[in-house]
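Trainee: Sequence first, predicted model second:
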Amino acid sequence: MGDEQTESTTPQARTESHDPDFPEKFLQFMRSGWRDDALSVTPRPEAPNYTKRRAALSAAFAGETLVIPTGTEKVRANDTMYPFRPGSDFAYLTGEHDPDSVLMMRPNGGGHDAILYTRPRSSRETDEFFRSRDGELWVGRRHTLAEKATELGLEVAPLTELPTALADCAPGRTRVLRGHDRAVDAAIRPYDTEEAGSRDRELAATIAELKLVKDEWELAQLQDAIDATVRGFEDVARVLPADRPVSERLLEGVFGLRARHDGNDIGYGSIVGAGPHATILHWVRNHGATRPGELLLMDMGVENRHLYTADVTRTVPVSGAFTPLQRRVYDIVYASQQAGMEFIKPGVKFKDVHQTCMRVLAEGLADLGILPVSVDEAMEKESTVYRRWTLHGFGHMLGIDVHDCARARTDRYRDGELGEGYVLTVEPGLYFQPEDDLVPEELRGIGIRIEDDVLVTPAGAVNLSAGLPRRADEVETWLAAQREAGPRLPG
């Protein structure tokens, strides 16, 4: 099965070049005198949600074996690793967060038997538990397989048995979620024909489409993440001075503290764009500083402990009040967002929400005197010249990924209709680059985006992030109130 597979699927003692040599007396001393305490575990209350999702996936692929890895740890530099974040589809189906694990669903005649292959506790029969970087004296107590099975409501097997299980997978009757674990990909070789290769893509697409509709538990997780995000924005506003510069990275760090305290982490790299940096769509360097009189664009989201993430953007005036020109542009973006949110309901097409938002932006650009053609001409597919000042779409699906359901088929997502239970962002923006000679000088360097997370209901869109104000005057009032309240620590 190759070295790559051994690396991932067979636990090895991971050591480093700078580890000391241990004398035999020390090794003998370390091998004795350890108590083996059991953990008191109970089934997780959310376990039935994962069982239900696996059942839906099982129904879509009757009689076929499905292999869904979570992925492996990634090297950050030399012998240090990035913090591990489980694969979203794997986590969606299991609730398990440990690296290297693999979910296998084998047909049993009337459905599937689901087995989780994962790393067991460090053996005390070898020196792994204190010498390996994966040993429990390095990373902490892991669950026994029985403890994990109890918590997850899922059959669990040691990772050492995975190679045999993969070898037993029937060619042509197995689908793999590829790109997460090179060893698994290598064990079940990609098919040679385009038709056969599409089978694995169909598995990824089906999981993505199952994620389109959020159930009650998922909505609670999203609201939890969004509420923490609101608190994070408040934290930032409370340390944002009106009369002197402060670094973007300080503001990024303040929000990051809230994300780590109230959730798992940030859901994506925080964008903290002061002044002209707000015109850079994915500004994540955050090495600039705010300046009184300029705007500050913050696109940030907390990922909660079940890995559901918020995605919210606010643009605030550093001095506390928008200038007349800043407010004029802000109001155009607000009107675009409001039009999109009012248009959303079950049955409307995703791309029609986009067109609704974009037309309002184009009309605003015409009012500013910078649109070189009529609004109708600008909106034609052969033109779209208005996009020079906006570039991105109106929004995207949101859930256990910030860009959730990304592998869904086009006719179910981008060209499809919105359904009840969908959660998506609405985030129009206008960005006037500092070097853009086609706009008046006073507009150059202004970037404004407003983004909220909305739930599609029979009555229309419900704004889940309404805890943060959107209107220009409300933003000014909110910013003043946060500054008056003063800094706080999460707690």
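Mentor: Structure's in. What do you need?

Trainee: Give me the distance from stretch 411-418 to the chain's centre.
Mentor: Chain-centre distance of stretch 411-418: 21 Å, with CA atoms, centre = their mean, to the nearest Å.

Trainee: Please apply the same query to stretch 90-98.
Mentor: The answer for stretch 90-98 is 14 Å, by CA atoms, centre = their mean.

Trainee: Which residues does that stretch contact?
Mentor: 44, 46-47, 49-50, 53-54, 57, 68-71, 84, 86, 101, 103, 116, 118-119, 142, 148, 152, 154, 177, 180, 207, 210-211, 306-307, 400 (CB atoms under 8 Å, 6 or more residues apart in numbering). Bear in mind the C-beta positions are built from the backbone N, C-alpha and C, glycine included.

Trainee: Just the buried residues from those, in ChimeraX please.
Mentor: A single ChimeraX command suffices to select whichever of the contacts of stretch 90-98 are buried according to 16 or more other CB atoms under 10 Å:
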select :46,47,49,50,53,54,57,68,69,70,71,86,101,103,116,118,119,142,148,152,154,177,180,207,210,211,306,307,400
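
Trainee: Filter the contacts of stretch 90-98 down to the ones in strands?
Mentor: For the contacts of stretch 90-98, the ones inside strands are 68-69, 103, 116, 118, with DSSP state E as the criterion.

Trainee: got any ranges where the chain has weak pLDDT?
Mentor: For the chain, applying pLDDT under 70 flags the ranges 1-13, 15-18, 190-196.

Trainee: if you set the cut-off to 50 instead, what comes out?
Mentor: Filtered on pLDDT under 50, the chain yields the residue ranges 1-11.

Trainee: Doesn't Gln326 lie inside a helix?
Mentor: Yes - counting by DSSP: H, G, I helix; E, B strand; the rest coil, Gln326 is found in a helix.

Trainee: From Thr279, how far off is it?
Mentor: Using CB to CB, to the nearest Å, Gln326 is found at 13 Å from Thr279.

Trainee: Neighbour count: these two, which is higher?
Mentor: Thr279 (24 against 20; other CB atoms under 10 Å).

Trainee: Give me the nearest residue to Arg412, chain neighbours excluded.
Mentor: With CB to CB, 6 or more residues apart in numbering as the criterion, Arg412 has its nearest non-adjacent residue at 5.3 Å, and that residue is Glu209.

Trainee: thought the one you found was touching Arg409?
Mentor: Yes - assessed by CB atoms under 8 Å, Glu209 is found in contact with Arg409 at 7.0 Å.

Trainee: follow-up on the earlier one: what is in contact with Gln326 and Thr279 at once?
Mentor: Each of Ile446 lies in contact with both Gln326 and Thr279 under the rule CB under 8 Å, 6+ apart.

Trainee: ok so, going back, tell me who's in contact with the residue nearest to Arg412.
Mentor: Glu209 is in contact with 405, 408-409, 412-413, counting by CB under 8 Å, 6+ apart.

Trainee: Which members of those are the farthest-apart pair?
Mentor: Distance extremes for these: the farthest pair is Cys405 and Arg409 at 10.1 Å, using CB to CB.

Trainee: Which of the two has more residues huddled nearby?
Mentor: Each of Cys405 and Arg409 has its neighbours counted (other CB under 10 Å); Cys405 has more, 24 against 15.

Trainee: how much space between that one and Leu145?
Mentor: 32 Å.

Trainee: for Ala461, what are its contacts?
Mentor: Counting by CB under 8 Å, 6+ apart, Ala461 makes contact with 341-342, 344-345, 426, 454-455.

Trainee: what's across from it in the sheet?
Mentor: For Ala461, the beta-bridge partners are Val456 (DSSP bridges).

Trainee: Please report how far it lies from Ala278.
Mentor: From Ala461 over to Ala278 (counting by CB to CB), the distance is 26 Å.

Trainee: ok, now Asp235?
Mentor: 20 Å.

Trainee: Repeat that for Asn463.
Mentor: 23 Å.

Trainee: between those two, which one's more packed in?
Mentor: Higher neighbour count among Asn463 and Ala278: Ala278, with 27 against 16, using other CB under 10 Å.

Trainee: residue contacts, that one?
Mentor: Ala278 neighbours (CB under 8 Å, 6+ apart): 295-297, 315, 431, 446-449.

Trainee: ok, those residues vs Ile266, which is closest?
Mentor: Ranked by distance to Ile266 (CB to CB), the contacts of Ala278 are led by Leu297 at 16.2 Å.

Trainee: Can you get me a residue count around the closest one?
Mentor: Using other CB under 10 Å: Leu297 sits among 27 other residues.

Trainee: Quick check: which element contains Glu377?
Mentor: Applying DSSP states H and E as the criterion places Glu377 in helix 375-378.

Trainee: Output that helix as CSV, nothing but the C-alphas.
Mentor: C-alpha atoms of helix 375-378 as CSV (Å, rounded to 0.1, in the frame of the first residue of the first chain):
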residue,chain,number,x,y,z
VAL,A,375,-27.9,50.5,-15.8
ASP,A,376,-29.8,48.2,-18.2
GLU,A,377,-26.7,47.8,-20.4
ALA,A,378,-24.4,47.3,-17.4
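
Trainee: And that helix, what does it pack against?
Mentor: helix 350-367 (3 or more CB pairs under 8 Å, 6 or more residues apart in numbering; DSSP states H and E).

Trainee: The helix it packs on packs against which elements?
Mentor: Secondary-structure packing of helix 350-367 (3+ CB pairs under 8 Å, 6+ apart): helix 324-343, helix 375-378, strand 429-431.

Trainee: what's Thr279 in contact with, if anything?
Mentor: 273, 431-434, 445-447.

Trainee: picking that back up, specify which member of the ones in strands among the contacts of stretch 90-98 is nearest to Val184.
Mentor: Nearest member of the ones in strands among the contacts of stretch 90-98 to Val184, counting by CB to CB, is Pro69, at 4.8 Å.

Trainee: Give me the buried positions along the longest helix belonging to the chain.
Mentor: Assignment by DSSP state H gives helix 216-238 as the longest helix of the chain. Applying a neighbour-count criterion of 16+ other CB under 10 Å, one finds 217-219, 221-238 buried in helix 216-238.

Trainee: returning to that earlier point: please list the members of the contacts of stretch 90-98 that lie in helices.
Mentor: Reading helices off these with DSSP H, I get 47, 49-50, 53-54, 57, 148, 152, 207, 210.

Trainee: farthest-separated two in these?
Mentor: Among the ones in helices among the contacts of stretch 90-98, the pair separated by the greatest distance (CB to CB) is Lys148 and Leu210, at 23.7 Å.

Trainee: rewinding a little: would you list the ones in helices among the contacts of stretch 90-98 in a markdown table and tack on distance to Ala362?
Mentor: Shown next, in a markdown table, are the ones in helices among the contacts of stretch 90-98 (distance: CB to CB, whole Å):
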| residue | distance to Ala362 |
| --- | --- |
| Ala47 | 49 |
| Asn49 | 42 |
| Tyr50 | 44 |
| Arg53 | 41 |
| Arg54 | 46 |
| Leu57 | 42 |
| Lys148 | 54 |
| Leu152 | 50 |
| Ile207 | 37 |
| Leu210 | 36 |
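
Trainee: And those, which is closest to Arg14?
Mentor: Closest to Arg14, out of all of those and judged by CB to CB, is Lys148, at 20.9 Å.

Trainee: Pull up the gap between the nearest residue to the closest one once chain neighbours are set aside and Leu162, please.
Mentor: Among residues not flanking Lys148 along the chain, Val156 sits closest, at 5.0 Å (CB to CB, 6+ apart). Plainly put, Val156 is 12 Å away from Leu162 if you go by CB to CB.
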